[in-house]
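[1] this one's structure only:
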């Protein structure tokens, strides 16, 4: 049984960490704080899915204001990643470079302007979660994990790459939620967390290559050789994922 007290402790920790990263980024900037802030919101999103096991459609969701924080942080992070890729792949596009830097400056300024409001929004959303907590039966948790694993398997064991990014989100949710479980239940699930981490990391690298291909195609005209090379790397990364995902359901469960 996943007790209310354990859920409460987890949520309080998430709230404190999220507010810490919020002020760390607003005060000093930095990609590390921004990344950690987004990860904490992802953990809250994952937790909201777990609450559906006992709240159904009435489960507490991530409020609109929290989604705004996540979205604004995402805009800044995307612009930063694009700048890194411009440098990595020697893309000469001054206008795009200037636009990305401008986006970071403008959105960071807005972020700092609203940091007190964001802090209040975070506390209020976590309070809503805390008021709604109920124990979760082990059977329901196991069923939820099994259902998620089957959905992931349906993606990583095929040759299509259309749903890989969504599969990665599901994997992260499983890893996040595995961390909240008491040791006995976590052991009973017998999940190979290292394998799941390797899988999501491989999908992440594939996704980065896909983004680089789009960026080069849009802002590096005439560099067909480099784009072709990246396409090959993307295809290779996709095949590696499906090779790793072969017999996924047996690999993801530890066997003695």
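    Great, that's in hand. This structure is a prediction, so every number in the text was calculated from the model and none was measured.
[2] may I see the buried residues of stretch 227-236?
    Neighbour-count burial for stretch 227-236, counted by 16 or more other Cβ atoms under 10 Å, picks out 227, 230, 233, 234. From N, CA and C alone the C-beta is placed, and that goes for glycine too.
[3] distance check, the third one against residue 212.
    Just to be clear, that refers to residue 233. Between residue 233 and residue 212 the distance is 9 Å, computed by Cβ to Cβ, to the nearest Å.
[4] show me where the stretch 1-150 of the chain has helices.
    4-28, 31-55, 64-88, 94-113, 115-132, 138-156 (DSSP state H, counting those that start in this stretch).
[5] what residues does the lowest-mean-pLDDT helix or strand in the chain touch?
    Of all the helices and strands that make up the chain, helix 224-245 has the lowest average by mean pLDDT, DSSP states H and E, namely a mean of 84. For helix 224-245, the surrounding residues in contact (Cβ atoms under 8 Å, 6 or more residues apart in numbering) are 89, 153, 155-159, 161, 164, 198-199, 202-203, 205-206, 209-210, 212-213, 216-217, 220.
[6] give me the neighbour count for residue 85.
    18 (other Cβ atoms under 10 Å).
[7] repeat that for residue 124.
    By other Cβ under 10 Å, the residues close to residue 124 number 12.
[8] if I look at it, what pLDDT would I see?
    For residue 124, the model assigns a pLDDT of 92.
[9] can you tell me the closest non-neighbouring residue to it?
    Once flanking residues are discounted, residue 124 sits nearest to residue 63: 7.4 Å by Cβ to Cβ, 6 or more residues apart in numbering.
[10] does that neighbour touch residue 128 like I think?
    Yes. Using Cβ atoms under 8 Å, residue 63 makes contact with residue 128 at a distance of 7.5 Å.
[11] for residue 211, see how far away residue 65 is.
    Going from residue 65 to residue 211 by Cβ to Cβ gives 28 Å.
[12] just residue 80 next, same as before
    Taking Cβ to Cβ, one finds residue 80 at 13 Å from residue 211.
[13] what's the end-to-end length of stretch 179-195?
    Here the two ends of stretch 179-195 are set 15 Å apart, with distance taken as Cα to Cα, to the nearest Å.
[14] could you give me the average pLDDT of that stretch?
    When pLDDT is averaged along stretch 179-195, the result is 91.
[15] buried sites along it?
    180, 181, 185, 189, 191, 195.
[16] what's in contact with it?
    Residues outside stretch 179-195 that contact it (Cβ under 8 Å, 6+ apart): 2, 6-7, 10, 47, 50, 138, 141-142, 145, 174-175, 178, 251-254.
[17] now with 10 Å, please.
    Contacts with stretch 179-195, where a contact means Cβ atoms under 10 Å, 6 or more residues apart in numbering, come from 1-3, 6-7, 9-11, 13-14, 43, 46-47, 50, 136, 138, 141-142, 145-146, 149, 171, 174-175, 178, 198-199, 244-245, 248, 250-256.
[18] now swap in stretch 196-206 and tell me
    Residues contacting stretch 196-206 (Cβ under 10 Å, 6+ apart): 149, 152, 155-156, 161, 164-172, 174-175, 178, 192, 233-245, 248, 251-252.
[19] just the buried members of those residues?
    Among the contacts of stretch 196-206, those buried by neighbour count (16+ other Cβ under 10 Å) are 149, 152, 155-156, 161, 164, 167-168, 170-172, 174-175, 178, 233-234, 237-238, 241-242, 244-245, 248, 251-252.
[20] quick one: distance of stretch 152-172 to the chain centre.
    On the basis of Cα atoms, centre = their mean, to the nearest Å, stretch 152-172 sits 14 Å off its chain's mean C-alpha point.
[21] first-to-last residue distance for it?
    First-to-last distance for stretch 152-172 - Cα to Cα - comes to 11 Å.
[22] picking up where we left off before, please identify the most buried of the helices of the stretch 1-150 of the chain.
    helix 31-55 (a mean of 18; mean count of other Cβ atoms under 10 Å).
[23] ok so, going back, the least confident helix or strand of the chain to helix 138-156, inter-axis angle?
    For helix 224-245 against helix 138-156, the angle by axes from the mean of the first three to the mean of the last three Cα atoms, to 10 degrees is 140 degrees.
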